[in-house]
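*Asks:* Sequence unavailable; structure follows:
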Ligand code: NAD
């Protein structure tokens, strides 16, 4: 079993040695500042009590409050949450946000719970942790299988406990309770800006570019739809049940794929497609691959078989450090997660700014600001990649570590 935290630490080690990072700063960044494990008793609809385990890892806050989503999944572990909180630290720093990194999770299969059970679980999580959360302390957001509705329940519980309005304590909220325009598709939109810049470097033009997307959830489905509108050919998509690929390798009609998934609970059996596995999707002969589901899907086992020229990592941690080496040697360009999916946290940051002002921007204003941040970071990281003759991931980490390292020093921690 691959440990996401071990992988995260291998990535840190590689970047630290590339840039010759100060040893004391390196030591500070090798562990989270605080890790919380809680048990959450929930009354189920049949009257019985089930006790769930939840985590919050507060990795680093030298640049600002801890920031990061909450994941509901049966495979959530402390190791995974710690890795994700480390990546959040790097992500916020690499795009220049005044935020630190955190992450949370609950071991649960949310599909097995009723809406009422899900609400009681979400409120219970906040009851256990609210003293450690807040707009100036730690600000959660959605992640895998958590939604704007769940954010609204959590906000309501928090405000009830502290006795005041605090919309900036959580992001990814519905618009009516202080969400930001554009937040729903901002992760995907940030990924689209990265893909556009990277494709230009490789001379790929939309009309002649085929793309496979693994994971047709929030991040993946929005990205597929935006790219399809821009003229790219999305030839394969997948969900937890399996993958589909266009029989003629022409672009799928994604609005219809989405309707099909809503109606049938999966993308499988969409007309004009062939069913393949999630693993086979990764090895298709496409120009661009977008992993948008879970971590560790590209490993040293399948990396030699990857045919894409470009990988845009919308998911967190989809490629292992061993696979990085193989992809780099094969000349495959990859835009790392901490840049490619930073659009989500960037608009989360805008959401908090708007909450603090109690004044809200239009979607156009949000996207204009988002594009500037992501495109600037892309080119800064590209320049570091060239300077150190390394891959984009290591360059993004170097960029982040320069900022976090300066913060650690400025605060006198080392
Ligand atoms: P989601 O719950 O909306 O969607 C997850 C998708 O992955 C679903 O389509 C699900 O069917 C699919 N899936 C689950 N298990 C799978 C498997 N074993 N193989 C293939 N597909 C599988 O989640 P999301 O918010 O879209 O998150 C997806 C990824 O993007 C995660 O790595 C998450 O950390 C990352 N991410 C999300 C955001 C965000 O704002 N939503 C921001 C940054 C990063």
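*Replies:* Okay, I see it. Predicted, not measured: the structure shown is a model, and the values here were computed from it. Residues are numbered from 1 along each chain as shown.

*Asks:* Just confirm residue 148 contacts residue 176, I think it does.
*Replies:* No. Using Cβ atoms under 8 Å, residue 148 is not in contact with residue 176; the gap is 9.7 Å. (Each C-beta comes from the backbone N, C-alpha and C, glycine too.)

*Asks:* Comparing these two, which residue is more hemmed in?
*Replies:* residue 148 (18 against 8; other Cβ atoms under 10 Å).

*Asks:* ok, now which ones touch the residue lying closest to the more buried one once chain neighbours are set aside?
*Replies:* Nearest non-adjacent residue to residue 148, counting by Cβ to Cβ, 6 or more residues apart in numbering: residue 174, 4.5 Å away. Counting by Cβ atoms under 8 Å, 6 or more residues apart in numbering, residue 174 touches 148-149, 151-152.

*Asks:* If we use 10 Å, what do you get?
*Replies:* Counting by Cβ atoms under 10 Å, 6 or more residues apart in numbering, residue 174 touches 147-149, 151-152, 155, 183-184.

*Asks:* Return the members of these classed as buried.
*Replies:* The neighbour count (16 or more other Cβ atoms under 10 Å) marks 147-148, 151-152, 155, 183-184 as buried among the contacts of residue 174.

*Asks:* Got the phi and psi for the residue in the stretch 201-350 of the chain that the ligand sits nearest to?
*Replies:* Nearest to the ligand in the stretch 201-350 of the chain, going by Cβ to the nearest ligand atom, is residue 217, at a distance of 1.7 Å. According to degrees, to the nearest 10, the main-chain angles of residue 217 amount to phi -100, psi -150.

*Asks:* how much space between it and residue 18?
*Replies:* For residue 217, the distance to residue 18 (Cβ to Cβ, to the nearest Å) stands at 33 Å.

*Asks:* Residue 371 now?
*Replies:* Using Cβ to Cβ, residue 371 is found at 29 Å from residue 18.

*Asks:* And the biggest helix by length in the chain, what's buried?
*Replies:* Longest helix of the chain, by residue count under DSSP state H: helix 363-388. For helix 363-388, a neighbour-count test (16+ other Cβ under 10 Å) marks 366-367, 369-371, 373-374, 377-378, 380-382, 384-385 as buried.

*Asks:* do stretch 20-29 as well
*Replies:* So for stretch 20-29, counting by 16+ other Cβ under 10 Å, buried means 21, 25-26, 28-29.

*Asks:* taking these one by one, which sit in helices?
*Replies:* 25-26, 28.

*Asks:* Would you format those residues as JSON lines with pLDDT and distance to the ligand included?
*Replies:* Below are those laid out as JSON lines (pLDDT from 0 to 100; distance: Cβ to the nearest ligand atom, whole Å):
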{"residue": "25", "pLDDT": "97", "distance to the ligand": "26"}
{"residue": "26", "pLDDT": "98", "distance to the ligand": "26"}
{"residue": "28", "pLDDT": "97", "distance to the ligand": "25"}
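
*Asks:* Which residues of the stretch 251-400 of the chain lie near the ligand?
*Replies:* For the stretch 251-400 of the chain, the contact set with the ligand under Cβ under 6 Å from any ligand atom comprises 278, 292-294, 314-316, 341, 344.

*Asks:* Tell me the one of those residues nearest residue 351?
*Replies:* residue 344 (10.4 Å; Cβ to Cβ).

*Asks:* Contacts only, for the nearest residue to the closest one once chain neighbours are set aside.
*Replies:* Nearest residue to residue 344, sequence neighbours excluded (Cβ to Cβ, 6+ apart): residue 187, at 3.5 Å. With contact taken as Cβ under 10 Å, 6+ apart, residue 187 is in contact with 142, 172, 218-220, 222-223, 292, 314, 340-348.

*Asks:* how about 8 Å then?
*Replies:* The contact partners of residue 187, by Cβ under 8 Å, 6+ apart, come to 218-219, 222-223, 314, 341, 343-344.
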